[in-house]
Each structure stands twice: as structure tokens, then as C-alpha cells.
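K.L.:
Structure, please.
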Amino acid sequence: MTQPTDIRRERGHRPRLLDLFSCAGGAGTGYARAGFAVDGCDIARRPNYPFPYHHGDALAYLAHLIATGGIRRYAFVHASPPCQHGCALTVGTNASQGWGRTHVDLVTPLRVLLDRTGLPYVIEQPNGRAAIRKDLTLCGEMFGLGVIRHRNFELGGWTAPRPAHVAHRGRVRGYRHGEYFDGPYVAAYGNGGGKPSVPELQAAMGITWTGVREELTEAIPPAYSEWIGRAALAALAPVMEVAA
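P.N.:
The predicted model follows:
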């Protein structure tokens with residue numbers, strides 16, 4: 001890992017963060033609110049992404065930054081690789097019904113590259129079998145959101161306190177096996193079955209800059225990464241002051 005004096009700050013005292021598999025910027029927005037300057041990278045074109053971003057394969061781009069020294073622009077890396085390989089829906093319901101297809105594990109090669117950067121990092125995944133340490137588990141109820149959306153985070157090269165998991169206030173609204181249930185949360189995935197409208201989903205997630213359902217259902221709420229970003233800046237504050 002880098003030594004404390006290697007942590008880099010962006011002009012204006014905003015350390016620069018690389019947001020890999022950035023989608024429409026749910027994670028990036030939270031980190032920006034916490035105090036980072038954010039650059040993204042996604043293999044899909046993301047015109048709604050609110051920060052500078054590179055259009056291309058995230059693993060290839062990260063390897064390029066390492067090889068060329070471009071990674072030295074950054075103080076921190078967040079990565080949200082596609083979760084289909086290990087998420088609960090893929091390995092549970094879909095597999096039991098014979099649905100879906102084989103998905104590639106991106107977490108393992110990603111971690112190898114992240115360790116090579118020498119930077120503190122976060123890998124985010126949903127509940128399931130993805131091979132990450134669950135150093136943090138965050139839930140929408142912790143932030144008063146209208147979604148549950150459990151997400152797990154592996155922290156590489158730094159640590160943060162584990163917040164207590166807050167009790168849920170009720171069910172997720174929608175149909176289950178043909179029966180409709182009401183509740184204080186909406187289902188932030190898929191279509192049909194009582195799923196929320198786009199405006200309902202935007203309000204529940206705290207995301208206003210995209211109205212594309214696919215982008216909303218793939219995003220993590222910015223409140224999650226804002227919490228992580230503030231924890232990271234607090235943990236690295238002595239380091240940041242040395243490098244300022």
C-alpha cells in the first residue's frame with residue numbers, strides 16, 4: 001500500500017476519486033457530496049453521468065492507468081462491478097428456475113488490479129455469493145430512504161466503523177407469488193409486479209439527474225457513498241493534511 005505521504009489531493013483540497021463501473025453516478029454523486037472530485041469509467045455510454053468519465057472497459061482502463069502512471073492522479077478508488085455473477089437473484093431464484101446465463105466473475109481480477117494501485121479502495125456488491133469481505137453493509141433504512149437495497153462493501157487498505165443495521169419498518173411494496181403487499185419501501189429492480197414508477201424510484205433512491213429506469217435500478221443510493229466517503233476522509237484526514 002501507499003505510504004501516508006503518497007495520498008494525493010486535488011486543487012482546492014478535494015482528493016480525486018476514480019469511480020469504476022460508474023453507471024449513471026449514484027456512487028459518484030455521494031462521494032462528490034462527501035468532498036471528493038470524481039472521475040468515472042463505464043463500458044456503456046452514460047450521458048447522464050454528472051462528472052467527467054472515460055467510456056470503456058473498467059478493468060482495461062484501470063490497467064492502463066497503472067501502466068502509464070495515470071493512477072497517480074487519484075487518492076481513492078470505488079468499484080461497483082456487475083453483480084450478476086454472485087447476486088442473490090442470479091444464484092437463487094433465477095438458477096432454480098433455469099433462467100439466465102453464465103456470468104463472469106470480475107471481482108477477483110479487479111481486486112488484483114486495485115491492490116496494484118497501492119490506493120485505498122472500495123468494492124461494492126449486493127447480497128449473494130460475490131467473493132468480497134463484507135466490511136460494511138448498508139441499508140436504505142439507515143438513511144431514511146424509501147428502499148431497502150442492502151449493499152456490501154469491501155474496504156481495501158483502510159477501515160471504517162460498522163454501523164448498526166436498523167430494523168426495517170415494514171415490507172417492500174409489490175406482488176409476491178400473486179399476492180399484493182403494501183409497505184414503506186419500493187422495489188428498486190425490474191418491471192411489473194407492483195414496481196414503482198420512475199418518479200417514485202427517483203424519490204426513494206435520492207437520485208434526480210437520471211430518469212432512465214435501468215440506470216436507477218443499477219445504482220446505489222448516493223447516501224451510501226456519501227457516508228463511506230466521509231468515513232474515508234475522516235480515516236485519511238491526517239494523511240491528507242500531510243500531503244496538502
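K.L.:
What ranges does this protein have for its strands?
P.N.:
16-20, 37-42, 53-55, 76-79, 121-126, 136-138, 151-156, 174-176, 179-181 (DSSP state E).
K.L.:
Would you convert these into TSV that also reports distance to Leu236, mean neighbour count and mean pLDDT?
P.N.:
C-betas here are computed from N, CA, C, even on glycine. Output for the strands of the chain, formatted as TSV (distance: least, Cβ to Cβ, whole Å; neighbours: other Cβ atoms under 10 Å; pLDDT from 0 to 100):
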stretch	distance to Leu236	mean neighbour count	mean pLDDT
strand 16-20	12	26	98
strand 37-42	15	23	98
strand 53-55	24	16	97
strand 76-79	8	26	98
strand 121-126	12	24	97
strand 136-138	16	19	97
strand 151-156	12	20	98
strand 174-176	40	14	90
strand 179-181	43	10	92
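K.L.:
burial count for the nearest residue in space to Leu233 that is not next to it in sequence?
P.N.:
In space, and not counting its chain neighbours, Leu233 is closest to Gly35: 5.6 Å by Cβ to Cβ, 6 or more residues apart in numbering. Neighbour count of Gly35, defined by other Cβ atoms under 10 Å: 17.
K.L.:
Can you tell me how far Gly25 is from Arg149?
P.N.:
16 Å (Cβ to Cβ, to the nearest Å).
K.L.:
nope, Arg16 is what I meant
P.N.:
27 Å.
K.L.:
Same question for Phe51.
P.N.:
22 Å.
K.L.:
So for these two, which residue has more residues nearby?
P.N.:
Using other Cβ under 10 Å, the more surrounded residue of Phe51 and Arg149 is Arg149, with 25 against 17.
K.L.:
gap between the more buried one and Asp115?
P.N.:
28 Å.
K.L.:
again with Gly25
P.N.:
26 Å.
K.L.:
more neighbours, these two?
P.N.:
Counting neighbours by other Cβ under 10 Å for Gly25 and for Asp115 shows that Gly25 has the greater number, 27 against 13.
K.L.:
Against Pro222, how distant is that one?
P.N.:
Applying Cβ to Cβ to Gly25 and Pro222 gives a distance of 8 Å.
K.L.:
likewise Ala235?
P.N.:
20 Å.
K.L.:
okay, the two: which has more neighbours?
P.N.:
Neighbour count, other Cβ under 10 Å: between Ala235 and Pro222, Pro222 has more, with 26 against 16.
K.L.:
Now for that one: which residues touch it?
P.N.:
Gly26, Ala27, Thr29, Gly30, Arg33, Gly206, Ile207 (Cβ atoms under 8 Å, 6 or more residues apart in numbering).
K.L.:
pLDDT score for Arg129?
P.N.:
Note on Arg129: pLDDT of 79.
K.L.:
since we're on it, how many residues are nearby?
P.N.:
13.
K.L.:
same question, the one 4 residues further on
P.N.:
Burial measure for Arg133: 11 neighbouring residues, criterion other Cβ under 10 Å.
K.L.:
thought it was touching Thr159?
P.N.:
No - between Arg133 and Thr159 there is no contact under Cβ atoms under 8 Å: 11.1 Å.
K.L.:
Using CSV, write out the CA atom coordinates for stretch 180-191.
P.N.:
The C-alpha trace of stretch 180-191 is given here as CSV (Å, rounded to 0.1, in the frame of the first residue of the first chain):
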residue,chain,number,x,y,z
TYR,A,180,-50.1,-7.8,-3.2
PHE,A,181,-48.4,-6.4,-0.1
ASP,A,182,-48.2,-2.7,0.8
GLY,A,183,-45.2,-1.2,2.7
PRO,A,184,-43.0,1.8,3.2
TYR,A,185,-40.4,0.7,0.6
VAL,A,186,-40.4,0.3,-3.2
ALA,A,187,-38.6,-2.4,-5.1
ALA,A,188,-35.7,-0.9,-7.0
TYR,A,189,-35.3,-3.6,-9.6
GLY,A,190,-37.1,-4.9,-12.6
ASN,A,191,-40.5,-4.1,-14.0
